[in-house]
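Trainee: sequence unavailable; structure follows:
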């Protein structure tokens, strides 16, 4: 999925490129089609890409909408769960990472403490295979949260990266000794690959 103009600025601060450009999911010219801001990923999308999920809450694009075969059980008129159903929490979050990126992700459950984002912090090499160090989550901004009842034993929906962009906040020192500082737009540290067995990885391995 190519970068959408809405990923180039702070959430909600849309430009003419967002409002009159093309839908980031289907390429429809927004000058000739109705459009709206997705309440989950905050992108401007065309009317055809509206997933139609709980329309009273505002538009939501198809990639952010839950699967068609999922069973929603917390909306108006819901009969509640049966004995063979369990509650799943679906969230769209902005994760401010210690590598200097701001990642928008859709996931089931709550946010993780570490995220495999990029190779900016360095990593390890073993038998020619490079594994980057994970980034710590400095703070979280919740965009959207919903709950659905699904059959017991339903596998957790894989985490999905919606967008990633550089952080623009300033580094922040913690008010209390021992607390972790926020990296802001710069990573807390920048590291190189560390080989565990003396092997080297190919130049195109990231």
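Mentor: Received the coordinates, thanks. Bear in mind the structure is a predicted one, so any value in this text is a computation, not a measurement. Residues are numbered from 1 along each chain as shown.

Trainee: which SSE is the most centrally placed residue in the chain in?
Mentor: Centroid-nearest residue in the chain, with Cα atoms, centre = their mean: residue 105, separated by 1.4 Å. For residue 105, the element it lies in under DSSP states H and E is strand 101-108.

Trainee: so which elements touch that strand?
Mentor: Here strand 101-108 touches strand 85-97, strand 160-166, going by 3 or more Cβ pairs under 8 Å, 6 or more residues apart in numbering; DSSP states H and E. No exception for glycine: its C-beta is placed from N, CA and C like everyone else's.

Trainee: and the next helix or strand after the last one, which strands flank it?
Mentor: Going back to what we said before, that points to strand 160-166. Per DSSP H and E, the first helix or strand lying C-terminal to strand 160-166 is strand 193-195. Sheet pairing of strand 193-195 (DSSP bridges) gives strand 123-126 (parallel).

Trainee: and the strand holding residue 105 with strand 85-97, angle?
Mentor: Computed by axes from the mean of the first three to the mean of the last three Cα atoms, to 10 degrees, the angle separating strand 101-108 from strand 85-97 equals 180 degrees.

Trainee: what mean pLDDT does strand 101-108 have?
Mentor: The predicted model gives strand 101-108 an average pLDDT of 88.

Trainee: point out where this structure drops to low pLDDT.
Mentor: Applying pLDDT under 70 to the chain picks out residues 1-4, 7-12, 24-25, 51-58, 62-63, 65-82, 202-206.
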